[in-house]
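S.K.: Below is the structure, and that's it, no one-letter string:
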């Protein structure tokens with residue numbers, strides 16, 4: 001109630017977008033910081049509390065997508081992602097998920113990450129001219145650190161198969177080779193990590 005469903009209400013992010021475009025080109029990943037979620041009526045802490053209540057009742061964290069605030073948060077990223085991709089508009093792939101990492105919790109839906117992987121092959125997320133068409137976004141609702149579990153990527157310059165879609169090992173990632181080269185991406189609650197969909 002009382003919340004607008006328009007995108008682009010996060011304020012002027014021009015400098016952040018310019019920096020992120022350069023980082024995506026060079027490293028394959030970037031971080032959007034200083035997002036004013038509370039300014040548009042989104043409480044990251046309320047989303048955390050909702051996930052905790054879902055878990056208490058035996059539901060996986062992905063059930064948080066039943067609530068409007070999650071979709072409103074994602075809606076605000078449309079204009080930013082369009083700028084990062086250099087296009088007038090974007091479509092959202094409804095491959096969404098929510099995790100609640102918990103050490104020693106066993107294997108339950110949404111409490112652990114899978115093995116190192118690419119979300120898409122190079123040819124599936126770039127044009128024939130090499131322009132990026134798909135970004136993956138990840139938004140931690142609590143601080144993500146190396147101690148409690150943050151995202152790791154293989155920076156673009158360390159990946160000899162980054163653009164080699166036809167190589168049989170492009171989508172078959174060797175964990176033993178990749179993990180020692182991984183780069184931790186710690187971030188604060190509400191910051192947004194973005195990476196090329198073909199990045200490991």
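M.R.: On my side now, so go ahead. Being a predicted model, the structure only gives us computed values, none of them experimental. Numbers count the residues shown, from 1 in each chain.

S.K.: Report the mean confidence score over stretch 118-127.
M.R.: Stretch 118-127 shows a mean pLDDT of 96 in the predicted model.

S.K.: Now do it: everything it contacts.
M.R.: 132-134, 136, 162-165, 170-171, 173, 196-200 (C-beta atoms under 8 Å, 6 or more residues apart in numbering). Quick note: C-beta positions are derived from backbone N, CA and C, even for glycine.

S.K.: what's the answer for stretch 174-189, then?
M.R.: By C-beta under 8 Å, 6+ apart, the list of residues contacting stretch 174-189 reads 29, 31, 33, 44-45, 48, 115-116, 140-146, 150-155, 158, 193, 200.

S.K.: okay, who's weakest in the contacts of stretch 118-127 by pLDDT?
M.R.: residue 173 (92).

S.K.: Quick check: the gap between that one and residue 136.
M.R.: 15 Å (C-beta to C-beta, to the nearest Å).

S.K.: So for these two, which residue has more residues nearby?
M.R.: residue 136 (20 against 17; other C-beta atoms under 10 Å).

S.K.: so where's this protein shaky on pLDDT?
M.R.: 1-12, 103-114 (pLDDT under 70).

S.K.: can you rerun that using 50?
M.R.: For the chain, the stretches with pLDDT under 50 are 1-5.

S.K.: Spell out the residue ranges of the strands in it.
M.R.: 29-32, 135-138, 151-153, 183-185, 192-196 (DSSP state E).

S.K.: Turn these into JSON lines, including distance to residue 57.
M.R.: Output for these, formatted as JSON lines (distance: least, C-beta to C-beta, whole Å):
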{"stretch": "strand 29-32", "distance to residue 57": "32"}
{"stretch": "strand 135-138", "distance to residue 57": "25"}
{"stretch": "strand 151-153", "distance to residue 57": "28"}
{"stretch": "strand 183-185", "distance to residue 57": "31"}
{"stretch": "strand 192-196", "distance to residue 57": "28"}
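
S.K.: closest one to residue 90 among those strands?
M.R.: Residue 90 lies closest to strand 135-138 among those, at 8.5 Å (C-beta to C-beta).
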